[in-house]
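Enquirer: sequence plus the predicted model coming up.
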Amino acid sequence: MVARGVAYHHAGLPLEVLGLIEEELRAGRLNHVVSTTTLTEGVNLPVHTVVLAETKWDGSDVHISGPRMLNAIGRAGRAGIETEGWVVFAPSGRAPSSPERHLPRAEELEIRSRLATEVTVQEVVEFEARRREAGDAVFSDLPEALQGFTSFVWYVLAGQEALG
């Protein structure tokens, strides 16, 4: 099927097979992929159209909703690859008739930065003052709100350095 541009993707396949399918999809050699939610979690692939025929999670009575549904929908029309994307709801007899009820509420989409608090801004000001005094301050006595952010930035910079 892969040689003809068609594949299926689910967690029951060997990792080597899943990797091959994802590689073929990235290379543009697959025209159609039928998948469970395995392609909605953290995989950035060039997909133009997503068809949702089932909104139940793993064959149970629990429906995919909120951010997970938005993530599945977000696979269509990847930025920088496609100019548009299509999402088609094609419910089977078991799927709900109004899939929009599974979309996230506005408050579920709200993201608040821990760096934007008054306390953190003051800690950044104090940290910058210490940094001006000693170059090694970036590695010591970091305010709690900055530790994760600094670790992430360090990780990204180390990765870029490794890639040359």
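Expert: Nice, thanks for sending it over.

Enquirer: any idea which helix or strand comes after the lowest-mean-pLDDT helix or strand in the chain?
Expert: Scoring the helices and strands of the chain by mean pLDDT, DSSP states H and E places helix 106-109 at the bottom, with a mean of 70. For helix 106-109, the following helix or strand on the C-terminal side (DSSP states H and E) is helix 118-133.

Enquirer: other SSEs contacting that following helix?
Expert: Packed against helix 118-133 by the contact rule (3 or more C-beta pairs under 8 Å, 6 or more residues apart in numbering; DSSP states H and E) you find helix 144-163. In short, each C-beta sits where N, CA and C put it, glycine included.

Enquirer: report the angle between the helix it packs on and helix 118-133.
Expert: 60 degrees (axes from the mean of the first three to the mean of the last three C-alpha atoms, to 10 degrees).

Enquirer: how about low-confidence regions in this structure?
Expert: Flagging of the chain using pLDDT under 70 yields the residue ranges 41-43, 54-63, 79, 91-103, 108-111, 135-141.

Enquirer: can you name the farthest residue from the center of it?
Expert: Glu133 (39.6 Å; C-alpha atoms, centre = their mean).

Enquirer: distance of that one relative to Pro46?
Expert: 49 Å (C-beta to C-beta, to the nearest Å).

Enquirer: go on, Glu16?
Expert: In this structure, Glu16 and Pro46 are 21 Å apart, going by C-beta to C-beta.

Enquirer: neighbour count: those two, which is higher?
Expert: Using other C-beta atoms under 10 Å as the criterion, Glu16 and Pro46 rank with Pro46 on top: 15 against 8.

Enquirer: if I pick the more buried one, what's in contact with it?
Expert: Leu25, Arg26, Gly28, Arg78, Ile81, Glu82 (C-beta atoms under 8 Å, 6 or more residues apart in numbering).

Enquirer: name the residues of whichever strand or helix holds Glu24 that come out as buried.
Expert: Applying DSSP H and E as the criterion places Glu24 in helix 15-26. Within helix 15-26, the residues scored as buried using 16 or more other C-beta atoms under 10 Å are Leu18, Ile21, Glu22, Glu24, Leu25.
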